[in-house]
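Q: 3D model of this:
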Amino acid sequence: MTGMFSISRMEIKKIFDTSTCVFLIILFIATIIDNVLYYQMNLSKSVELSGNIGISLFIIQIYFIYLGSNMIGSEFSFGTSKMVFSSMFSRSQIIHIKSVSFLFYTSLYGIFNILIGLTVQLFIGKHFSSMEILSTLFSVWIVYIVYFASILSVGIFTISITFNRVYSLIIGYVLYIFLYNIGIQIVERDDSWIKTIMENTPFYIASDGFSTLYYNINDIIYLSFFSVVIYIIGLYVLKKRDLK
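A: Residues are numbered from 1 along each chain as shown. The predicted structure is shown next:
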């Protein structure tokens with residue numbers, strides 16, 4: 001148990017590199033801009049208590065894809081992690097620990113999102129009941145976990161096929177940003193079977209739900225099932241391939 005916590009703590013520390021510092025600075029600036037524009041232009045948002053909207057939420061999306069596609073893949077940058085040879089844990093166990101650590105870390109952004117929004121709302125004189133705050137907090141927290149879990153599973157799967165973090169990163173952005181933007185155009189303008197297919201792809205559902213900070217129960221079940229299956233397949237492929 002101590003070894004698991006040590007690896008988990010080490011992985012979270014590794015997250016806070018230069019790229020994360022740059023991301024946090026950009027996110028801070030974007031959050032201020034978003035909230036200033038929101039109140040000056042009287043814009044609407046899907047979750048009233050959310051503090052990250054528009055640009056700042058999109059920046060978080062980009063960062064999550066980077067984490068799930070790139071940093072998880074760093075386990076195999078040079079064949080495999082040295083930890084496999086210097087600890088009691090197998091490669092799969094290390095990936096499990098690393099995945100849980102990343103899920104915990106990214107879920108915190110969901111909490112911060114609501115805390116920022118709540119602070120702004122209180123500052124302008126709006127008040128909410130404790131039950132409303134807690135239910136919104138839990139709902140958004142789940143959205144962040146489900147969204148990143150889908151990215152993480154796809155990242156592990158693509159790494160198991162390519163062993164290349166760059167390819168994994170490109171595929172992640174194509175599926176969760178480029179394909180989603182195409183999907184929006186199709187859903188708005190098309191009324192054929194293509195629209196039905198696009199609306200039911202896990203990548204469209206994941207990105208669409210994250211952009212509105214809402215998944216219904218069917219979305220959660222569907223995306224959770226998809227993430228688990230792809231995650232297991234990715235680990236299976238890794239076990240079968242030679243990482244030397």
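
Q: Run through the strands of this protein in chain order.
A: Assigned strands in the chain: none (criterion: DSSP state E).

Q: Lowest-scoring secondary structure element of it by mean pLDDT?
A: Ranked by mean pLDDT, DSSP states H and E, the weakest helix or strand in the chain is helix 83-86, scoring a mean of 47.

Q: Pull up the gap between the residue nearest the centre of the chain and Ser69, please.
A: Centroid check for the chain by Cα atoms, centre = their mean gives Phe148 as the closest residue, at 2.7 Å. Going from Phe148 to Ser69 by Cβ to Cβ, to the nearest Å gives 11 Å. C-betas here are computed from N, CA, C, even on glycine.

Q: Around Leu179, how many other residues sit close by?
A: Each residue near Leu179 was counted by other Cβ atoms under 10 Å, and the total is 16.

Q: list the contacts for it?
A: Leu179 sits next to Thr201, Phe203, Tyr204 when contact means Cβ atoms under 8 Å, 6 or more residues apart in numbering.

Q: Skipping adjacent residues, who's closest to the second one in space?
A: Yep, that's Phe203 we're talking about. Of all residues not flanking Phe203 in the chain, Leu175 sits nearest, at 4.5 Å (Cβ to Cβ, 6 or more residues apart in numbering).

Q: Give the ranges of residues in the protein that sit below the confidence cut-off.
A: For the chain, applying pLDDT under 70 flags the ranges 1-12, 71-89, 242-244.

Q: Report back the residue of it that's furthest from centre.
A: Seen from the C-alpha centroid of the chain, the residue lying at the greatest distance (Cα atoms, centre = their mean) is Gly125, 31.9 Å away.

Q: Now that residue, what are its backbone angles?
A: phi 100, psi 10 (degrees, to the nearest 10).

Q: can you check Ser192 too?
A: Main-chain dihedrals, Ser192, degrees, to the nearest 10: phi -100, psi -170.
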